[in-house]
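A.B. asks: need a structure here:
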Amino acid sequence: MKILLLVISAFLFTCSIAKADTLDFLEWKVAGVPEYWTGETELSLSNATVRTIGSNIYYAGAGGFAESNGRGTVGACTTGNCIGDMEITFSQSVSNLSFDAVGIGGGDLVTISAFNGLTNVGEFTLDGNNSGWAKLIDFSAFGDISRLFFDDLGSTRSGVAYNDFYFDSAVVSAVPLPAGFPLYAAGIGILGFMGWRRRKTQ
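C.D. replies: Okay, here's the model as predicted:
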């Protein structure tokens, strides 16, 4: 019986599969959070939590800032500008992360830092004097990321918002047994039982 259990356990294992994912800010709309100036400093999504420092969470529905995935735009804003600090903490580490910064103009200055746990794995600085209206922020080369921090360094214009978040999240699942394995295990069990009976008889 012990041998049979060892054989079964050898066939049972889990694997991690990467699943393409995004941040869907329209979840807040479905939950009844008012669009644009929410008055909130912390809101949760199904796969992340957004928190702002020194301002409130701003979000716009699909199409407001030319996003391509139709999942809305987010920023750390007070009425009239988006120059606050913001943090996005993922429910689990993600990889191949990229997103767009939009509404960039002369006078905007933001550093975006990516963390894996407490370790800073990479940074981008957005300088509105050297950027166009929108810029792709690509953290895909930095491995696993659990948190983003958006540090406004004293923007003198209207600030920056963010959309089109794309990343891979790991899905852990059990690998199903091959269809014939139960019959194989039963056969081994019968052979073992027969061998035990033969030894006992002798």
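
A.B. asks: could you pull out the helices for the chain?
C.D. replies: Here the chain has its helices, by DSSP state H, at 2-11, 26-30, 181-201.

A.B. asks: how near is the nearest residue to L136 once chain neighbours are set aside to I17?
C.D. replies: Closest residue to L136 apart from its sequence neighbours, by CB to CB, 6 or more residues apart in numbering: D100 at 5.9 Å. Using the backbone N, CA and C atoms, a C-beta is placed for each residue, glycine as well. Using CB to CB, to the nearest Å, D100 is found at 26 Å from I17.

A.B. asks: okay, those two: which has more neighbours?
C.D. replies: D100 (20 against 10; other CB atoms under 10 Å).

A.B. asks: show me the beta-bridge partners of the residue nearest to L136.
C.D. replies: Counting by DSSP bridges, D100 is bridged to L136, N163.

A.B. asks: show me which residues of stretch 120-133 are buried.
C.D. replies: 121-122, 126, 128, 131 (16 or more other CB atoms under 10 Å).

A.B. asks: now distance to F150 too, for the residues you listed, in a markdown table please.
C.D. replies: As requested, these are exported to a markdown table (distance: CB to CB, whole Å):
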| residue | distance to F150 |
| --- | --- |
| V121 | 15 |
| G122 | 14 |
| L126 | 9 |
| G128 | 14 |
| S131 | 15 |
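
A.B. asks: need the worst-confidence member of those.
C.D. replies: Lowest model confidence among these falls on S131, which carries 75.

A.B. asks: dump the residue contacts of that residue.
C.D. replies: Going by CB atoms under 8 Å, 6 or more residues apart in numbering, S131 touches 101, 104, 108.

A.B. asks: looking at the protein, which helix or strand does the model trust least?
C.D. replies: Least confident helix or strand, the chain: helix 2-11 with a mean of 48, by mean pLDDT, DSSP states H and E.

A.B. asks: from memory T49 sits against E40, does it?
C.D. replies: No. The criterion here is CB atoms under 8 Å, and T49 misses it with E40 at 11.5 Å.

A.B. asks: OK, contacts around I137?
C.D. replies: Contacts of I137 (CB under 8 Å, 6+ apart): 98-101, 112, 124, 126, 162.

A.B. asks: quick check: the farthest pair among the residues you listed?
C.D. replies: Greatest spacing in the contacts of I137, by CB to CB: S98 and L126 (14.4 Å).

A.B. asks: residue ranges in the chain under the pLDDT threshold?
C.D. replies: For the chain, the stretches flagged by pLDDT under 70 are 1-16, 171-187, 191-202.

A.B. asks: and the most centrally placed residue in it, how far from F167?
C.D. replies: For the chain, the residue nearest the mean C-alpha position is V94 (4.5 Å; CA atoms, centre = their mean). V94 sits 4 Å away from F167, going by CB to CB.

A.B. asks: okay, and the common contacts of the two?
C.D. replies: With CB under 8 Å, 6+ apart as the test, V94 and F167 both reach 21, 145.

A.B. asks: give me the domain ranges for this protein.
C.D. replies: 2-13+178-201, 14-174 (automatic domain parsing).
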